[in-house]
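A.B. asks: How does the following fold in three dimensions:
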Amino acid sequence: MNTTTLSNKHRPKQITDIIGQKRVVDFIKKQAEKDSFSHAYLFAGQFGSGKTSVARILSALMTCEHKEGHLICEKCKSDIAIHDGHCVDVYETDAASKRGIDDARKIKETASNMAFFVSEQSKEEVRSEEY
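C.D. replies: Next comes the predicted model:
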């Protein structure tokens, strides 16, 4: 039985699929075409306004191996992992429910551990490609 939620099943995959966020879409399109992204982004808005969708697409634009302008290929490992929500390079958090000091410390600790994990995983991928 497929347990994909409706919000994930119908989540936009390309920046051009986003509806109702023209300024954000235009801004990200320009950055993607120049391949010049900012070091941080903060998405805020009501429930269902597209924050997670835009963030996932932005992540895919930054990591896609075969990106053409502002369009991702949707076939490389990173695009698939980001769309499925299990990419080790992308950490999603809900700031509405995680806003205490202990939550901030946990995020900081998790981010440090993730950097180590990703670098070790990348080394393993490189080693496996060499043989």
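
A.B. asks: Now find how far off-centre stretch 73-92 is within its chain.
C.D. replies: 7 Å (Cα atoms, centre = their mean, to the nearest Å).

A.B. asks: distance between the ends of it?
C.D. replies: Using Cα to Cα, to the nearest Å, one end of stretch 73-92 lies 22 Å from the other.

A.B. asks: do stretch 64-83 as well
C.D. replies: First-to-last distance for stretch 64-83 - Cα to Cα - comes to 12 Å.

A.B. asks: For this protein, give me the ranges with low pLDDT.
C.D. replies: Residue ranges of the chain with pLDDT under 70: 1-2, 112-131.

A.B. asks: count of residues packed around the closest residue to G85 other than its chain neighbours?
C.D. replies: Using Cβ to Cβ, 6 or more residues apart in numbering and skipping residues adjacent in sequence, the residue nearest G85 is N8, 7.0 Å away. C-beta here means a position set from N, CA and C on the backbone, and glycine is covered the same way. For N8, the count of nearby residues is 14 (other Cβ atoms under 10 Å).

A.B. asks: so who does A104 touch?
C.D. replies: K98 (Cβ atoms under 8 Å, 6 or more residues apart in numbering).

A.B. asks: go with 7 Å
C.D. replies: Taking Cβ atoms under 7 Å, 6 or more residues apart in numbering, we find A104 in contact with no residue.

A.B. asks: Would you mind measuring from it to H86?
C.D. replies: 24 Å (Cβ to Cβ, to the nearest Å).

A.B. asks: For the protein, which segments are assigned as helices?
C.D. replies: In the chain, the helices defined using DSSP state H lie at 6-9, 22-34, 51-63, 77-84, 101-130.

A.B. asks: Which of the ones you listed has the highest mean neighbour count?
C.D. replies: helix 51-63 (a mean of 21; mean count of other Cβ atoms under 10 Å).
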